[in-house]
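Colleague: Give me a model of this one.
(2 chains)
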Amino acid sequence: MQTAAISETTLLRLQVEDLLFQEADLLDQWRLDEWLALYTEDAHYYVPPSDVDGDTADPDTALFYIADDHVRMRERVIRLKKVGAHSEHPRSKVRHIVSNVRAHREGDVIHARSSFIVYRSKDITSDAFVGHYLHEIVEAEGALKIARKTCVLDMEALRPHARISIIL
Amino acid sequence: MADFPRIIDDTATSRFLVPRQAFTSNATFQRECAAIFDRCWLYLGHASELEPGAFLTRKVARRPILFTRDKDGTFHALFNACPHRGALVCRERKGAARAFMCMYHGWTFGSDGHLMTLPGSSGYPEGFKTDPQKQMVHVPRMERFGDFFFISFARDGEDLATYLAEAGDYLTLVSEHSASGMQIVGGTQEYAIRGNWKLLAENSFDGYHAACNHSTYLEYLKNANGALGATPLVGVAHNLRNGHAMVEYTAPWGRPIAHWVPLWGDQGKAEIAAIHASLEQRVGPQRADRIAHKNRNMVIFPNLVVNDIMAVTVRTFYPTAPDYMEINAWALAPREESEWLRKYRLYNFTEFLGPGGFATPDDVEAIEKCQQGYATGGDALVNDISKGMNREGGPLFDDEEQMRCFWREWDKRLASVEA
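Modeller: This next block holds a predicted model:
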């Protein structure tokens, strides 16, 4: 019996999907320390606003919703675990749906593009964040780590949402 | 006669109470539209947002506005509706255009709203094209204060400078951050809160809530190496008249306009010192110190917030219902700012401010929980806004005098219209 060869591209996509699905699962379960451990020490996490080109916008020259370096990602996690993070205490129910994953290599960096819907439910209200992720992934210590994640909202504005108090 | 919930303002007994119906009643909301949003000067935009030949569309108090700058540099505020059948003429958020064509029948207008061409003009009598009623309608009044543009839907009333009263001085002060002019940085934070708009007016200059509501932000500053300076959080409130008010205070966070914190390192220290020196030269040492070291949270009645804090934010918010508002927030910065400092300014901004910051989400939570709490009704029918009402030496930044200024104006204006 012959096994169809899995192409390099497909294999890469499967590896990347594993990572993205793991990330989504950890965020849905509020396992934030483990989520942070998926990232490199010099990682960045971005959410650009809706009135600029989110794929190319630069957080040093345009006002973003979120522009975290690794220090602030860590502090975000610390904050979200506190009772004093009122917006997420009690915690929202969160569900990340990730699909349409495409990945390709450029030198040492894997660039992944995917679609997301993230639901945040609390106070008898569910808000959906819709958009696409741009992940930059590198291999470190034999594992894939995320070096950069940009969450581009495919929305006209953050409405009726009031906040991105969860991690997208 | 007045059938809206009046405030109770009694200095003798230090009582200042706002009925919770002010946040929930539909009739009150309709009355606010007539008494406030159809009468007051409302913020439209900043000159730096429009180069000659550019335009942007924006809703102001639920009305779609087309804000243009013609090729000669003149600014225009037009109601964004076609005089023919009323469709939105411009359907884009921003861009550059010399003419705007309505997509329905092709009527085409200039940047100043005049009707340039219309297809099938043989079907109309002579002079039709120049009939004043066939032109796009200008907002009744538009005025600028420095680079800040305001509009009013009322044909009569005081001019903008009179309306702004002492708030104008602080718009000037914030403009003086720059020798070459302030600019709106690209990117708008556009969000919404499921709460009454007046809750955000109160919250925008509430000096009392930080310690409890923003404990995690303050802890973060302590944690983040060197983000927290040694400056204490102390200050006062100022009544700027006509419902405008401000709190002014020192604070431990860094200010990209010349208040250094250790996080910024030696390079930052040198750059900040240079900015301070040039400020001194331009406006004198006393005013330079005020600009550099004092934080100001100002609410210009009814709904323009200019907060000159760890960054400068310009923010408006409009209700579409008693329990829902839409917020637009921008970052304002000196044009000549170095790349390094601009980066820190924006880093500072997103750290505290906006829907993804370390503080705003908790403000939102407080506002939404107030709105939800008002559903209790029962005996708990009023909010207490009396803190520091008779404090000797005047109100402090964490008292509530600034909110009382807002509420007195609100009460006066609502009382002045027929229900």
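
Colleague: What parts of chain A come near chain B?
Modeller: A:47-52, A:57, A:59-67, A:71-72, A:75-76, A:78-79, A:82, A:84-88, A:123, A:125, A:156-165 (Cβ under 8 Å from any Cβ of the partner chain). For glycine as for every other residue, the C-beta is placed from the backbone atoms N, C-alpha and C.

Colleague: quick one: which of these sit in helices?
Modeller: Residues of the residues of chain A next to chain B located in helices (DSSP state H): A:71-72, A:75-76, A:78-79.

Colleague: Now list the buried members of these.
Modeller: Buried members of those, counted by 16 or more other Cβ atoms under 10 Å in any protein chain shown: A:72, A:75-76, A:78-79.

Colleague: and the longest helix along chain A, what other elements does it pack with?
Modeller: Counting residues, the longest helix found in chain A (DSSP H) is helix A:8-28. Applying 3 or more Cβ pairs under 8 Å, 6 or more residues apart in numbering or on different chains; DSSP states H and E, one finds that helix A:8-28 contacts helix A:32-36, strand A:93-106, strand A:109-122, strand A:125-140, strand A:143-153.

Colleague: what angle sits between it and strand A:125-140?
Modeller: If you take axes from the mean of the first three to the mean of the last three Cα atoms, to 10 degrees, helix A:8-28 sits at 130 degrees to strand A:125-140.

Colleague: Residues touching helix A:8-28, excluding its own?
Modeller: A:6, A:32, A:34-35, A:38, A:94-98, A:101-105, A:110, A:112, A:114, A:133, A:135, A:137, A:144, A:146, A:166-167 (Cβ atoms under 8 Å, 6 or more residues apart in numbering or on different chains).

Colleague: Tell me, domain by domain, which residues of chain B belong where.
Modeller: Listed by automatic domain parsing, the domain ranges of chain B are B:42-153, B:185-415.

Colleague: Now do the contacts for residue 85.
Modeller: Picking chain A for this. So A:Ala85 contacts A:79, A:165, B:216, B:361-362 (Cβ under 8 Å, 6+ apart).

Colleague: that's the wrong chain, I wanted chain B
Modeller: Counting by Cβ under 8 Å, 6+ apart, the residues that B:Arg85 touches are B:104-105.

Colleague: ok, it to B:Ser215 distance?
Modeller: Separation of B:Arg85 from B:Ser215 (Cβ to Cβ, to the nearest Å): 55 Å.

Colleague: got it, and A:Asp25?
Modeller: 30 Å.

Colleague: Between the two, which is the more surrounded one?
Modeller: B:Ser215 (17 against 14; other Cβ atoms under 10 Å in any protein chain shown).

Colleague: Report the secondary structure element holding B:Met298.
Modeller: Using DSSP states H and E, B:Met298 falls within strand B:295-300.

Colleague: For that strand, the averaged confidence score.
Modeller: Averaging pLDDT along strand B:295-300 yields 97.

Colleague: Report the inter-axis angle for the next helix or strand after it versus strand B:295-300.
Modeller: Using DSSP H and E, the helix or strand that follows strand B:295-300 in sequence is strand B:304-308. Taking the same axes, to 10 degrees, one finds strand B:304-308 and strand B:295-300 inclined to each other by 170 degrees.

Colleague: Neighbouring strands of strand B:304-308 in the sheet, and parallel or not?
Modeller: strand B:295-300 (antiparallel), strand B:312-321 (antiparallel) (DSSP bridges).

Colleague: Identify the residues contacting it?
Modeller: Here strand B:304-308 has contacts from B:42-43, B:170-171, B:173-174, B:177, B:201, B:204-205, B:257, B:295-300, B:312-317, B:332, B:353, using Cβ under 8 Å, 6+ apart.

Colleague: Mind giving me the ChimeraX select for those residues, buried ones only?
Modeller: Filtering the contacts of strand B:304-308 down to the buried ones (16+ other Cβ under 10 Å) takes a single ChimeraX command:
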select /B:42,43,170,171,173,174,177,201,204,205,257,295,296,297,298,299,300,312,313,314,315,316,317,332,353
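
Colleague: so who does the residue nearest to B:Ala54 when sequence neighbours are not counted touch?
Modeller: Nearest residue to B:Ala54, sequence neighbours excluded (Cβ to Cβ, 6 or more residues apart in numbering or on different chains): B:Ala96, at 5.0 Å. For B:Ala96, the contact set (Cβ under 8 Å, 6+ apart) comprises B:51, B:53-55.

Colleague: can you tell me how far B:Ala96 sits from B:Asp70?
Modeller: 11 Å.

Colleague: intersection of neighbour lists for those two?
Modeller: B:Gly53.

Colleague: Poorly predicted segments of the stretch 151-300 of chain B, please.
Modeller: Scanning the stretch 151-300 of chain B for pLDDT under 70 picks out B:225, B:227.

Colleague: how about the residues of it that lie near chain A?
Modeller: B:185-194, B:213, B:215-217, B:219-220, B:223-225.

Colleague: Emit the ChimeraX select command for whichever of these are buried.
Modeller: ChimeraX command restricting these to the buried ones, with burial defined by 16+ other Cβ under 10 Å:
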select /B:185,186,187,188,189,190,191,192,193,194,213,215,216,217,219,220,224
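
Colleague: Return the subset of the residues of the stretch 151-300 of chain B next to chain A lying in helices.
Modeller: Going by DSSP H, the helices hold B:213, B:215-217, B:219-220, B:223 from those.

Colleague: What is the neighbour count of residue 125?
Modeller: Going with chain A. 13.

Colleague: meant chain B, my bad for not saying
Modeller: B:Pro125 has 7 nearby residues by other Cβ under 10 Å.

Colleague: ok, now how distant is A:Ser91 from A:Lys82?
Modeller: Careful, residue A:91 is Arg; it's not Ser. Taken as Cβ to Cβ, the span from A:Arg91 to A:Lys82 is 12 Å.

Colleague: correction: B:Arg62
Modeller: Distance from B:Arg62 to A:Lys82, by Cβ to Cβ: 38 Å.

Colleague: Between those two, which has more neighbouring residues?
Modeller: A:Lys82 (14 against 11).

Colleague: Identify the residues contacting the closest residue to that one other than its chain neighbours.
Modeller: Nearest residue to A:Lys82, sequence neighbours excluded (Cβ to Cβ, 6+ apart): B:Thr216, at 5.3 Å. Residues near B:Thr216 by Cβ under 8 Å, 6+ apart: A:79, A:82, A:84-85, B:358, B:362.

Colleague: could you say which helix or strand contains B:Asp169?
Modeller: Here B:Asp169 is assigned to helix B:167-175, by DSSP H and E.

Colleague: can you list contacts of that helix?
Modeller: By Cβ under 8 Å, 6+ apart, helix B:167-175 touches B:145-148, B:161, B:164, B:181-182, B:240-242, B:244, B:246, B:287, B:290-291, B:296, B:298, B:300, B:306, B:308, B:312, B:332.

Colleague: Please spell out the PyMOL selection for the buried subset of the residues you listed.
Modeller: Buried subset of the contacts of helix B:167-175, written as a PyMOL selection, criterion 16+ other Cβ under 10 Å:
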select buried, chain B and resi 145+147+148+164+182+240+242+244+246+290+291+296+298+300+306+308+312+332
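
Colleague: how deep is the spatially closest residue to B:Ile7 that is not a sequence neighbour tucked in, by neighbour count?
Modeller: Nearest residue to B:Ile7, sequence neighbours excluded (Cβ to Cβ, 6+ apart): B:Asp411, at 4.7 Å. Using other Cβ under 10 Å, B:Asp411 is surrounded by 20 other residues.

Colleague: what does B:Lys294 give?
Modeller: 16.

Colleague: can you pull the contacts of it?
Modeller: B:235, B:248-250.

Colleague: Cross those residues against strands and list the overlap.
Modeller: Among the contacts of B:Lys294, DSSP state E puts B:235, B:248-250 in strands.

Colleague: before we move on, back to that, distance to B:Arg345 added to the strands paired with strand B:304-308, as JSON lines?
Modeller: Below are the strands paired with strand B:304-308 laid out as JSON lines (distance: least, Cβ to Cβ, whole Å):
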{"stretch": "strand B:295-300", "distance to B:Arg345": "14"}
{"stretch": "strand B:312-321", "distance to B:Arg345": "8"}
